[in-house]
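> Sequence first, predicted coordinates after that:
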Amino acid sequence: MAKKDKLELTAEKRLTLGRKVKSLRREGLLPANLYGKKVKSTAVQVDLKSFLNTFKESGETGLINLTIKGEKKTRPVLIHHVQFPPVSEQPIHADFYQVDLKVKVTTEVPIELIGESPAVKEKLGILIQPLTEVEVEALPADLPDKLELDISDLKKVDGAVTVADLKMSAGVKVLTLKEEVLAKIEPLAKEEEIAPPVEEKVAEEAEAVEEKPAEAEAKENEAGKVPAKGESQKKPKGAKTEKKAKEG
């Protein structure tokens, strides 16, 4: 289990509100809000590049010392609710949650799989990860940035590791149910016979008709076989009708 070092970030109070915040983004600023228990909600703005660098290190569990211009004391905060538009990787808004360092908080912590599964290595099955994060409770300074889960014991199909297999530091409590599966080996998918496309099937049937032996067709004609309903009598190219043969 890893824990991030405390990071620093500077913000300033924001006067631009509502739809006008688009102008801030054009200037390379990210609109944000600061809030918390017994903390007055405040509109702030931060330099976008500085925010991205900090967020890359902190995630949503790393404690940050936020300095607001004009204030002497820094505020311990966590980054929450970063909003991204559907067509861009650049955030358009974020929240800073101010915490009390003496009061425990709950948050989601990502799971990182480590090691190698023998079942996967030997191609006995495939690895799936139903849960990628779990909820934990801890003091802000004790929050881990991630929880590592060893999958080297997954040696056969249907083998699984659960929340109960996580190794936790003192002071960190997992709130997700212990029986929840974090990683599991599923059997390999069976190879199914794929039917040929309709066009290919029609072509094969047509080919089969064309390859019908001439001798068989001649015998059918001699036997006076009646064509099925809707089937036309076929005549070789250049053949004359009986009437024309007599006239010739």
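Structure's in. What do you need?

> quick one: low-confidence ranges for this structure?
Counting by pLDDT under 70, the chain has low-confidence residues at 1-5, 191-248.

> rerun that using 50 as the cut-off
Along the chain, segments meeting pLDDT under 50 span 192-193, 206, 208-248.

> How is it divided into domains?
7-99, 106-187 (automatic domain parsing).

> Columns mean neighbour count on top of these, output as JSON lines?
Every residue, glycine included, has its C-beta placed from N, CA and C. Converted to JSON lines, these look like this (neighbours: other CB atoms under 10 Å):
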{"stretch": "domain 7-99", "mean neighbour count": "15"}
{"stretch": "domain 106-187", "mean neighbour count": "16"}
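
> thinking I128 is in contact with L182, fair?
No: with contact defined as CB atoms under 8 Å, I128 does not count as touching L182 (10.1 Å).

> now V39, nearest residue through space, not along the chain?
Q98 (4.8 Å; CB to CB, 6 or more residues apart in numbering).

> and if you look at S23?
Spatially, and ignoring its direct neighbours in sequence, S23 is nearest to T16 (6.5 Å; CB to CB, 6+ apart).

> where does V103 fall, phi/psi-wise?
Torsion angles at V103 (phi, psi; degrees, to the nearest 10) stand at phi -120, psi 130.

> Same check on L24?
phi -70, psi -40.

> List the contacts of it.
R14, T16, L30, P31, Q45 (CB atoms under 8 Å, 6 or more residues apart in numbering).

> Likewise for F55?
Contacts for F55 (CB under 8 Å, 6+ apart) come out as I79, V82, P91, A94.
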